[in-house]
Each structure stands twice: as structure tokens, then as C-alpha cells.
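Undergrad: A structural model of the following input is requested.
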Amino acid sequence: MNVEELCSRDVVTVAATTGLVEAAQAMRSRHVGFLVVTGDGAPDGIPIGVLTDRDIVVEVVSKGIDPRSLTTGDVMTRDPLVTGVAARPEHALKQMRIFGVRRTPVTNAQGRLAGVLALDDLLEWLASTLADAASVVRREQRLERQLRA
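TA: Next up, the predicted model:
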């Protein structure tokens with residue numbers, strides 16, 4: 001299994017030149033708190049940054065800065081952690097822990113955006129993996145009872 005199988009393909013992208021208010025409105029209308037910034041804003045562009053709702057609150061609102069005076073590029077996290085589609089989930093999880101992030105853009109072999117991997121996706125995968133392991137134990141116990149009955 002690789003992250004390509006786990007990541008969400010429904011990614012909201014913006015350009016670095018997009019106004020910050022417009023980016024926040026995109027978050028609101030699409031019900032997301034994470035945008036991938038690509039060079040031209042294209043959904044299959046090369047990620048150059050990410051913008052979170054927390055970035056807006058911590059870097060703009062809490063400092064009393066007028067968000068209408070800023071672009072996404074002014075506030076975004078540049079050079080974010082990016083995960084390749086072929087990465088294994090456990091590797092992605094370790095990288096996310098090291099970088100202290102809950103989401104990472106996923107890119108194809110050409111470095112173009114293919115999706116977003118969220119901690120929620122990895123938790124779902126882990127839960128499924130643990131359920132599979134638990135069912136092995138249950139099945140073994142069931143078979144043992146049948147053989148010994």
C-alpha cells in the first residue's frame with residue numbers, strides 16, 4: 001500500500017497571488033482549513049506552499065493586520081513537506097510527525113499535485129490494519145476451538 005491509495009483527490013488550490021480574503025472564502029465555501037498553493041493556482045500544479053486557517057488566525061488576525069492587504073503568498077508556509085505518491089503510509093506518518101504537520105500535499109513523479117494526505121487518512125488506515133490483525137487472532141481462536149472440539 002502507498003499514500004496514493006489513501007490520499008484525498010479533492011484538493012483546493014490557490015495561487016500565491018490570490019488575495020488572503022479570497023483564500024479564506026475558498027476555505028469557507030469548500031469546508032476545508034487547508035489550501036495547497038501552486039505556482040499558478042492550478043489543481044495539478046507544483047506545490048510551492050500551503051495555507052491553513054490557523055496560519056490566517058495566528059499570523060494575521062491575532063496581530064491585527066488587515067487581511068485585505070495581504071496575498072496568500074504573504075502568509076503561506078513555503079516549501080512544505082511534500083509526500084510522493086509511492087511513499088508508504090508509515091513513512092508519511094513519520095515525516096508528518098517530524099515536521100509537526102497534520103496534512104501534506106501528495107505529488108506524482110513529475111512533482112505535480114496528486115492529492116492531500118491527512119492525519120485522518122492515516123488514522124483510518126491504521127485502524128483498518130489493527131482490525132485486520134485482531135481478526136487474525138479471533139479467527140485463529142475460532143479454528144482452534146473447532147479443531148479441539
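Undergrad: that's a strand at residue 105, yeah?
TA: Yes: the assignment for residue 105 by DSSP: H, G, I helix; E, B strand; the rest coil puts it in a strand.
Undergrad: show me the contacts for residue 113.
TA: Residues near residue 113 by Cβ atoms under 8 Å, 6 or more residues apart in numbering: 11, 13, 36, 38, 43-47, 105-107. C-beta: built from backbone N, CA, C; applies to glycine.
Undergrad: For the buried ones among those residues, write the corresponding PyMOL selection.
TA: Here is the PyMOL command that selects the buried residues among the contacts of residue 113 (16 or more other Cβ atoms under 10 Å):
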select buried, resi 11+13+36+38+45+46+47+105+106+107
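Undergrad: ok, so of the contacts of residue 113, who is nearest residue 1?
TA: Taking Cβ to Cβ as the measure, residue 1 lies nearest residue 106 of the contacts of residue 113, at 13.6 Å.
Undergrad: distance of that closest one from residue 55?
TA: 20 Å (Cβ to Cβ, to the nearest Å).
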